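*Asks:* what's the 3D shape of this:
(chains A and B)
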Amino acid sequence: MEFSRATILNWILFTPLVGAVVLLFLPREAKQVHRWLANLFMFAGFVVSLPLVFWYDKGQAGFQFEIRRPWIPSFHVEYHLGIDGISYLLIMLTTVLGFIAVLSSWAFIQERVKEYYIMFLILQTGMLGVFMSLDFVLFYVFWEVMLVPMYFIIGVWGHERKLYAAIKFFLFTLLGSVLLLLGILALYFYHGGVTGTYTFDIVRLMALDLPWEWQKWIFWAFFVAFAIKVPMVPFHTWLPDAHVEAPTAGSVILAGILLKMGTYGFMRFSLPMLPDASREYVWIMATLSIIAIVYGALVCMMQKDMKKLIAYSSVSHLGFCTLGIFALNHQGLAGSLLQQVNHGISTGALFLIVGLLYERRHTREIVAFGGLSTPMPRFATVYLIISLASLGMPLLNGFIGEFTILLGAWQVNKTWAAFAVVGIVLAAAYLLWLYQRVMFGPVTKPENEKLRDVNLREMGTLVPLVLWCFWIGIYPKPYFEVLERPIARLVQQAQPRQVREVSRLPVVLPQLPAEPPAEASESR
Amino acid sequence: MWTPFFQPIDFYVIVPQLELTLFACGILLMDFLLESRYKYLNAAAALLGIFFSGVRLWQMCNLSLVAFNGLFIVDSFFITFGFLFLIATAVVILMSIRYLEVEQTHEGEYYALMLFATVGMMFMAGGTDLITLFIGLELMALSFYILAGYLRADRRSNEAAIKYFLLGAFSSGILVYGFSLLYGISNSTNINEIALVVSERGLRDPVVFLAMIAIAAGMFFKIAAVPFHQWAPDVYEGAPTSITAYVSVASKAASFALLVRLFLTPLGPVRPNWEAILAVVAVLTMTVGNLAAITQENVKRLLAYSSIGHVGYILLGIVAGNETGFMAVIIYLYVYAFMTLGAFAVVVGMRRRDLIGEQISDMAGLFFKNPAPAVLMIIFLLALAGIPPTVGFWGKYFIFAALIQTRHYTLAVIAALYVLVALYYYFRIVVSLFMHAPREPGKMTLAPGLVAALTVTCLLTLIPGLYPEPLIRLAQSSIFPPFY
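*Replies:* Model (predicted):
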């Protein structure tokens, strides 16, 4: 299979899986071989995703690089991949963060190395598949497949209460998943009943005008699935457990990528397919988001465990993302997606930082540290930059995302924006206070006096993320350009029906052909 | 005018069954001549018989035949189930060889009885006459009663056999009472003729209603649906593990074939009457099966309760009652067979001279001792829980699809939520396999037959999971039109 625009998504998707298969046939004792190969395959996965940067056409609102093959023709399921600006950014985040996460596991994972890397490679394929799928069943398969390796990563290589955390994670997500499946099937049968063509094609399902009754129920089915994944407030209880108990790389991937699947689900499915319900329930969504922002931040203030603090900060940050989504305007949605990327970078980096400390001291208690900037100056610098990025300091990435979200929220409701700002203030408080307690002052514990500073490999995991923070913070224009068209289309799709009808004709129709170009793809 | 009851050509139609019968009788004779170390030849002969029967069945694909004046038919429904029985029997034979050696009861009757049971099942799937159906059912059930008690020295096995026999005979009695009522109103034992009479008599006819209740109760016994499920856990636990696998897969599939035949044809016209009953029983079955499985410590018992849960899902396909629903039933039975046989094959492999190997704790750390069977077990358990890309996902998927399509939303949500419960208890085994340290040093001995059984079931669990199209086609082709 040649490497070209027409096949690049296959390459990105299956490179990690091929790695997993290769590792499967290597003897278990060859730990070092497993490490090298796994890192190599993850890096290869990142490299094959790079051409997207050059080939991606910002001028298009629709899906690009589409691959379409029949999979289960008798039930109208296709193997259908394709990306737009939204999934493009998340895929790049996944390939980068996936590689960094695997690289960061080099020293920490000493037992059952082979299984660990196999799980991670499968996980990577699952996550990429979720962002690429344009067929609802394919999407669902990837969405579930990914749970299994994550379960094992938490349950085998995690910390003290790993089994509890792992099964809790699995059960919570599965609860959402099965309801999502029912929602998908309802959409499928409705579409078939109304139009006569049964299809799981996401693009065609987006063009469907669902009556209110259906939208309402399907919205809640989808909501449970995505809200658990994000997690939004009443469903967030799995997150602190899973994050705290997972090994470092697991936490990085959980926070960096897995949570984004929830927000991605809202943007890809709930808004375009169920616009009336999305608008109707904006109030509930916004309220839950604001509760998440403020509550998450307040809980952070009280944490004694560094990892738990960062886990709860995810709840707060993801509250911003959902608030942006349900502002339902261009700034809100674009800011939300950018903030998702930002959160992946900076929270991923924060988990790496906690992981570094844990590898050295085997504790995550805040009181066990203090004055670390003396023995670890390089570490202190990186950590400070990442903290500032996470709390929304101008010139760093978090500021751009949060500011754009606030801009969007402000246009809808000034009270929302006011509450959200409280979250930013609190974020500054808990992150800086954490930094102060861990890094500043005299070295309080004798064990901390001779801590090793970060080595080259650890720098290799952190520096790219720091650079990325600066890039987005200083020059976010490319990101907004990529998002411009897809978000514009998304905003249009989420409009009330009359507005959609009027404005759809010139812009949207070309992307929604009445018949899928089946002959075209086959002849190719 | 006198018409002969059958013509020689009729035997042409039942060649698959005849072949199995001949091989079974041959095994009984051959067994006397074999020294104990050559007993595996019995298994080889049985496999050969299954192979020949399968070839014949394959040649009959796409045929539609009626034999013995309408006592027995060959249609795609029969062919589909026939293959399922043959695959299940073959896999069980493969996993039995070493197990029987360990149990020191390696005798030819075992295989002969399995083949007889298969013959019975085939008549259950292809019979169109109450008499044929009942004789098929009893042939299967009698073989199973003996097989369940096959470990004569084991008290649990004896207990299982006697429980199975008493309750089975009782339920057969109820079932045949229902048959007699149908015969009474229609003066015929042919299910198509009965269907015509039943549809004339309408929904409110008390005799038809009573017959339906009796038949439903009898069938619920056979498939182990709540509230007639109590025999299942004890029988599953006490019977030889290979027979447990056989009962839970083949007997269940055959009973479902019979149930589908009965409920769609003679009882099809009174569908509104039984639809609600089936729905309630399905929900109860899922509830009891899944909740009771949570606390089990014995893997065989756990799988017994979980199989009760699976029965609930399959019943929901019949409740949905449309084309997708029947497709889902057939797909689910296939899927269930592959993954359950695989899981039991691992449990069979655990058995050693010094270890019964049925407790969840016995499986602790199996991954460190025998990684391959442990990983396979995890795959089977994921399939049983319905996680893609295993074949188990498609079983549940089509049940959900059928329910959504027929607007049984509440049932769909209930069925979906029990997936969570099922996942929880299956993962108790996964945790034991993969995350606990080994308790005792002994390894599993992987006999060639067991390896073959595991390979076959693993491939059948994974490949249709990734590419379910052939399985769906098969199920689609084997639906017969219901009588309503």
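*Asks:* Now B:S307. Nearest residue, chain neighbours left out?
*Replies:* Once flanking residues are discounted, B:S307 sits nearest to B:S248: 4.9 Å by CB to CB, 6 or more residues apart in numbering or on different chains. Just so you know, the C-beta spots here come from the backbone N, C-alpha and C atoms, and that holds for glycine as well.
*Asks:* my guess is that neighbour contacts B:E237, does it?
*Replies:* No. Counting by CB atoms under 8 Å, B:S248 stays clear of B:E237, with 11.6 Å between them.
*Asks:* any idea which helix or strand carries residue 381?
*Replies:* All of this is about chain A. Applying DSSP states H and E as the criterion places A:T381 in helix A:377-391.
*Asks:* Not quite, go with chain B.
*Replies:* helix B:371-385.
*Asks:* What residues of that helix count as buried?
*Replies:* Neighbour-count burial for helix B:371-385 flags B:373-385 (criterion: 16 or more other CB atoms under 10 Å in any protein chain shown).
*Asks:* Tell me the residues on chain B that lie near chain A, please.
*Replies:* B:371, B:382, B:387-389, B:393, B:397, B:400-401, B:404-405, B:409, B:412-413, B:416-417, B:419-420, B:423-424, B:427, B:431, B:434-435, B:467-469, B:472-473, B:476 (CB under 8 Å from any CB of the partner chain).
*Asks:* Let's see the pLDDT reported for A:Q511.
*Replies:* pLDDT, A:Q511: 45.
*Asks:* Helix or strand next in line after the helix holding A:T381, which one?
*Replies:* helix A:397-412.
*Asks:* What are the contacting residues of that next one?
*Replies:* A:282, A:286, A:320-321, A:323-324, A:327-336, A:338-339, A:341-343, A:345-346, A:389-393, A:416-417, A:420-421, A:424, A:468-473, A:476 (CB atoms under 8 Å, 6 or more residues apart in numbering or on different chains).
*Asks:* tell me the contacts of residue 452?
*Replies:* I went with chain A, as the question did not name one. Neighbours of A:R452 in contact, by CB under 8 Å, 6+ apart: A:R360, A:M376.
*Asks:* Switch to chain B, please.
*Replies:* B:A452 neighbours (CB under 8 Å, 6+ apart): B:L94.
*Asks:* Return the set of buried residues in the helix or strand where it lies.
*Replies:* Using DSSP H and E, B:A452 sits within helix B:448-466. Using 16+ other CB under 10 Å as the test for burial, helix B:448-466 gives B:449-454, B:456-458, B:460-462, B:464-465.
*Asks:* Report the distance from that helix to the chain centre.
*Replies:* 18 Å (CA atoms, centre = their mean, to the nearest Å).
*Asks:* Quick check: next helix or strand after that helix?
*Replies:* helix B:469-477.
*Asks:* And that next one, what does it pack against?
*Replies:* With contacts defined as 3 or more CB pairs under 8 Å, 6 or more residues apart in numbering or on different chains; DSSP states H and E, helix B:469-477 has these neighbours: strand A:64-72, helix B:76-103, helix B:323-350, helix B:391-405.
*Asks:* one more time with 7 Å
*Replies:* Contacts defined by 3 or more CB pairs under 7 Å, 6 or more residues apart in numbering or on different chains; DSSP states H and E place helix B:469-477 against helix B:323-350.
*Asks:* Packing partners of the helix it packs on?
*Replies:* So helix B:323-350, by 3+ CB pairs under 7 Å, 6+ apart, packs with helix B:76-103, helix B:241-246, helix B:252-264, helix B:299-320, helix B:371-385, helix B:391-405, helix B:448-466, helix B:469-477.
*Asks:* That helix - what's its average pLDDT?
*Replies:* pLDDT averaged over helix B:323-350 gives 93.
*Asks:* how about that helix: buried residues?
*Replies:* Across helix B:323-350, burial judged by 16+ other CB under 10 Å covers B:324-350.
*Asks:* Check stretch B:126-144 too.
*Replies:* B:126-130, B:132-144.
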